[in-house]
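# give me coordinates for this.
(4 chains)
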Protein chains: 2
Amino acid sequence: MLTLMAVAQVRDVAARARVSPATVSNAINHPEKVSERTRERVRKAIEELDFIPNDAARQLRAGRNRAVGMIVLDAGNPFFSNLAEGAEDHLAEQGRPLLLGNSSQIPERESAHLALFEEQRVAGLLIIAVGDVTPQLRRLKERDTAVVIVDRMAGEDEFSSVSLDDVEGGRLISQHLIDEGARHIAVVGGPRHLRQVSQRLEGAESTASASPGVQVECIDTGAMDIESGRMAAAGILARDSEQRPDALMATNDLIAIGALQELVRSGLDVPGDMLLSGYDDIAFAGSATIPITSIRQPAHEMGRKSAELLCSLIDDPQTPTEQTVFQPELVIRESTNRSSAVTAD
Amino acid sequence: MLTLMAVAQVRDVAARARVSPATVSNAINHPEKVSERTRERVRKAIEELDFIPNDAARQLRAGRNRAVGMIVLDAGNPFFSNLAEGAEDHLAEQGRPLLLGNSSQIPERESAHLALFEEQRVAGLLIIAVGDVTPQLRRLKERDTAVVIVDRMAGEDEFSSVSLDDVEGGRLISQHLIDEGARHIAVVGGPRHLRQVSQRLEGAESTASASPGVQVECIDTGAMDIESGRMAAAGILARDSEQRPDALMATNDLIAIGALQELVRSGLDVPGDMLLSGYDDIAFAGSATIPITSIRQPAHEMGRKSAELLCSLIDDPQTPTEQTVFQPELVIRESTNRSSAVTAD
DNA sequence: TGAACGAATTGAAACGATTTAATTCGTGAG
DNA sequence: CTCACGAATTAAATCGTTTCAATTCGTTCA
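Just a heads-up that it's a prediction; the model follows:
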């Protein structure tokens, strides 16, 4: 059989079902408008021809894409993949595909993804921002693209947001370190201007200023991955012992895990010689060589909530903006627990 | 200023730059065809009007999307996120966006993603398959969509593929377990029909059959995540001790990590009472409570290679198919090392 | 000076679906 | 027996860009 035939189109289906293209379209998109008999004929024709509608044409006519774009800081970080999964759960229920972009904390990549999503006329955008993207977000909003800022509190009511109180998180964990005897806390993370870093640092500094004799320093790692943690720890180990901090407060769990590898390798005792904490409470924090104390963020739930906010904004652009703030929860494990063998799970 | 103006279109830009729409299009897509002066005028008009081309219209006319789709088994598994990252690295260089879909090992979700990518007329597809998608892949190919199968050797020359020799991987690791004294190996993973599971099991069985007195059993966990590993281990711990295996060969690191948590919690000594191995060698395997022996897969490199194959297939559909097979590498760590304190890093 | 050429520009026709308004048709009411 | 009405169907316009073929215009060459 000669099959030079190009890909089937609506008109081919229409011809085969002996109806007009309009009826085919209706059979697909508004079944109630088409009689039982023709609907069936169309269904059969579609199947026989392997017809698959061209989404570009559909979108062009409809003016808008159903899909939602999301830009995360680091797709390799389980915290963000859980966040995305939570969002996808809700979006899938709404029949909306999620387009996932990874900025890798690089502002240029972030912009590139934004531009792409803008060209695609996505229905909405979930963003964990690196750089200052307010102007671009404003533009999107003007064009009736729904926007929800994730993992950062939106300044005013301009945008909706879902976040976790990171200053409080920083306070919680630094207070715990101090309670366990820390006098010199090194906050490890970077780049420093990242809100995730600056706010957690701010929390630590505010706690320290209320605790006489406690000092806080900030070690700026360029990135927030395992390797950065390793290198930061190596740097600390190279110091004279009196200059060394007695507690490492990593701004995420990956950094903590990397630091732990290096500390253990050098024979240092954690938590004996050095307290260590992470942030995010990813699944791997609890199963590290020395289980790591962390701040639990309900990533999945936060992702789902963001998607919910976004969908209501898409369905009714008049929906008032809303700031959802989750509360951090301290999870204490062996890496900061000198006194006992009891560990949380 | 009244800004009831709709979003700027080519014609608006054209009007402002006092040229025709065709010239605007050329200025954007074929700059060499446009004189220096008009090009500049157009550039300025685009900027002033914040013009962003409508991708749907462009695609409709062009007939094809530049983007590439990828479907992974589990976006939360670092192995797959590394794979995706490797692919994205290469694709970004080619100016091709990557659309990432997550099947979560559910055939229905896989089909849904496939259908979506088909509607979007993606230029190419990278897939780590769950179910039998050969018919759908064939259809894509007929429609000139490039396809590369990842993490599985394509049967014949029908499709290009990038994979790792998993039977050999299974052999390597089971041989090592046997060398360390294992007599009853439980292969833990699932669902069983997943190629990743069946081939690694096959390798273990072939090794065992050459080693008198060694038996292999297979414990089918429904999924391949940390929780499944925990539950499988709990099941094993509930057995009479003479029925227990003396080695757990997990089919990925997440399962191994989950199992380890449960084993440690129950007070069992690893590797003393039970040997434990993983697969994939994700970053967290080496920094687990007891560092876990694993099979290293060069995920990033495999991802990049897949993208390279795909791109050459897109650029020239006549490119002959190619099967790239990577070799597994055994990484020995404490979880299988009874004899010494020496650990690989 | 005029013909011929090439570069730059443009008008109009696509691309493939959806939608609106118009048409057909069968049926029940008057 | 006709008219009116609603249900089902359809023709044609439309979405916003790209591209093809045609046109304009300034040069060069004979």
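# neighbours around the closest residue in space to residue A:76 that isn't next to it in sequence, how many?
Nearest residue to residue A:76, sequence neighbours excluded (CB to CB, 6 or more residues apart in numbering or on different chains): residue B:81, at 4.7 Å. No exception for glycine: its C-beta is placed from N, CA and C like everyone else's. If you count neighbours by other CB atoms under 10 Å in any protein chain shown, residue B:81 ends up with 26.
# just the element for residue B:81, please.
If you go by DSSP states H and E, residue B:81 is part of helix B:78-93.
# give the contact list for the residue nearest to residue A:76.
Contacts of residue B:81 were listed using CB atoms under 8 Å, 6 or more residues apart in numbering or on different chains, and they are A:75, A:76, A:81, B:75.
# any idea how far the residue lying closest to residue A:293 once chain neighbours are set aside is from residue A:265?
Nearest residue to residue A:293 in three dimensions, chain neighbours excluded: residue A:336, at 4.2 Å (CB to CB, 6+ apart). Distance check for residue A:336 against residue A:265: by CB to CB, to the nearest Å, it reads 20 Å.
# more neighbours, the two?
The residue with more neighbours, out of residue A:336 and residue A:265, is residue A:336; 27 against 15, by other CB under 10 Å.
# let me know the angle separating whatever helix or strand residue A:163 lives in from helix A:78-93.
Using DSSP H and E, residue A:163 maps to strand A:160-164. With axes from the mean of the first three to the mean of the last three CA atoms, to 10 degrees as the basis, strand A:160-164 and helix A:78-93 are set at 140 degrees to each other.
# now for the helix or strand following strand A:160-164, which elements pack on it?
For strand A:160-164, the succeeding helix or strand toward the C-terminus, using DSSP H and E, is helix A:166-179. Counting by 3 or more CB pairs under 8 Å, 6 or more residues apart in numbering or on different chains; DSSP states H and E, the packing neighbours recorded for helix A:166-179 are strand A:184-189, helix A:195-209, strand A:247-250, strand A:275-277, strand A:294-296, strand A:329-331.
# tell me the buried residues in helix A:166-179?
Across helix A:166-179, burial judged by 16 or more other CB atoms under 10 Å in any protein chain shown covers A:166-178.
# dump those into a markdown table; add distance to residue B:96 and pLDDT as well.
Output for these, formatted as a markdown table (distance: CB to CB, whole Å; pLDDT from 0 to 100):
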| residue | distance to residue B:96 | pLDDT |
| --- | --- | --- |
| A:166 | 35 | 97 |
| A:167 | 40 | 97 |
| A:168 | 42 | 98 |
| A:169 | 38 | 98 |
| A:170 | 40 | 98 |
| A:171 | 45 | 98 |
| A:172 | 44 | 98 |
| A:173 | 41 | 98 |
| A:174 | 44 | 98 |
| A:175 | 48 | 98 |
| A:176 | 47 | 98 |
| A:177 | 46 | 98 |
| A:178 | 50 | 98 |
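# any weak-confidence spans in chain A?
A:1-5, A:339-345 (pLDDT under 70).
# contacting residues for the residue most central in space within it?
Centroid check for chain A by CA atoms, centre = their mean gives residue A:80 as the closest residue, at 3.8 Å. Taking CB under 8 Å, 6+ apart, we find residue A:80 in contact with A:72, A:73, A:74, A:128, A:299.
# gap between residue A:155 and residue A:324?
15 Å.
# compare these two (neighbour count), which wins?
Using other CB under 10 Å as the criterion, residue A:155 and residue A:324 rank with residue A:324 on top: 17 against 11.
# counting contacts, what elements does the helix or strand hosting the more buried one pack onto?
Secondary structure from DSSP H and E places residue A:324 in strand A:323-326. Applying 3+ CB pairs under 8 Å, 6+ apart, one finds that strand A:323-326 contacts strand A:160-164, helix A:299-315.
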